[in-house]
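Trainee: Would you be able to build a 3D model of this:
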Amino acid sequence: MTNRPSFAVTGLVAILAATAPALAKPILMSPSAVAAPAAAAGSNVVRYGKYYEDRISNDCGSGYINCIVNFSKLPDTRHVHFTRIACAGTSSNPPISLALANNGTATSPPRHIPLQIAPATYAQQIFSDKYIYYTNINQEIDVIMQKGSVPYVNFYANGPNAFENLSITCTLTGEIV
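Mentor: A predicted model of the protein is given here:
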């Protein structure tokens, strides 16, 4: 593994893994860090040589069964080989699935990659009958997405009623190829 400078959490994991493998463990965000993501979708791309990283956040609010967050459009001239995704999400019902996808381009169809999702940590009771569920993933992936496409994450929660407090923050890292 090469040591690549980065300003985000997943880059820190890569640096720790290169310098002290025994210390490199997945970094999980605390519930307080997940409970109040940015109110509007935002993207923060870091490029350094071939290294590519994008961080997004979206608070989808209430009344939805899923929360979609769009990463930045990939460069028009190069594909990106993604190797890791880390996400933290909250919902008022237990989460059931998380997927990385893209919109496709004129020459390539859309892609849909299901991600492993662990059971939610049921951490905070907000009313006598309502709870906030916290979910974290930090997963290695091996996906090449085509130039000019827009990757996104779709977070689904399960339950009989409209959802409240549905939000997600994700970081996607890889290499420009």
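
Trainee: Okay, now stretch 95-110: how far is its last residue from its first?
Mentor: Criterion C-alpha to C-alpha, to the nearest Å; first-to-last residue distance in stretch 95-110 is 24 Å.

Trainee: Tell me the buried residues in it?
Mentor: Within stretch 95-110, the residues that qualify as buried are P95, L98, A99, L100, A101, N102, N103, T105, counting by 16 or more other C-beta atoms under 10 Å. Using the backbone N, CA and C atoms, a C-beta is placed for each residue, glycine as well.

Trainee: Remind me what the helix or strand containing H81 packs against, helices and strands.
Mentor: Element membership for H81 (DSSP states H and E) is strand 80-91. Applying 3 or more C-beta pairs under 8 Å, 6 or more residues apart in numbering; DSSP states H and E, one finds that strand 80-91 contacts helix 9-19, helix 31-34, strand 95-102, strand 130-145, strand 151-157, strand 166-176.

Trainee: between the ones you listed, which has the poorest average model confidence?
Mentor: Note on the helices and strands packed on strand 80-91: lowest mean pLDDT is at helix 31-34, with a mean of 32.

Trainee: next helix or strand past that helix?
Mentor: Next along the chain after helix 31-34, taking DSSP H and E as the criterion, comes strand 42-48.

Trainee: Tell me which strands that next one pairs with, and in which orientation.
Mentor: Strand 42-48 pairs in its sheet with strand 51-61 (antiparallel), by DSSP bridges.

Trainee: After the strand it pairs with, which helix or strand is next? Please name it.
Mentor: strand 66-70.

Trainee: Against S62, how distant is G49?
Mentor: To S62, G49 is 42 Å away according to C-beta to C-beta, to the nearest Å.

Trainee: Same check on C87?
Mentor: Distance, C87 to S62, by C-beta to C-beta: 20 Å.

Trainee: Does Y133 touch P95 like I think?
Mentor: Yes: here Y133 reaches P95: they are 6.4 Å apart, a contact under C-beta atoms under 8 Å.

Trainee: quick one on the thing from earlier: between the buried residues of stretch 95-110, which is closest to I117?
Mentor: Ranked by distance to I117 (C-beta to C-beta), the buried residues of stretch 95-110 are led by L98 at 4.8 Å.

Trainee: and that closest one, bridged to which residues?
Mentor: Judged by DSSP bridges, the bridge partners of L98 are L115, F155.

Trainee: Make sure it is actually in contact with S91.
Mentor: No: the pair L98 / S91 is not scored as a contact, 11.0 Å apart, by C-beta under 8 Å.
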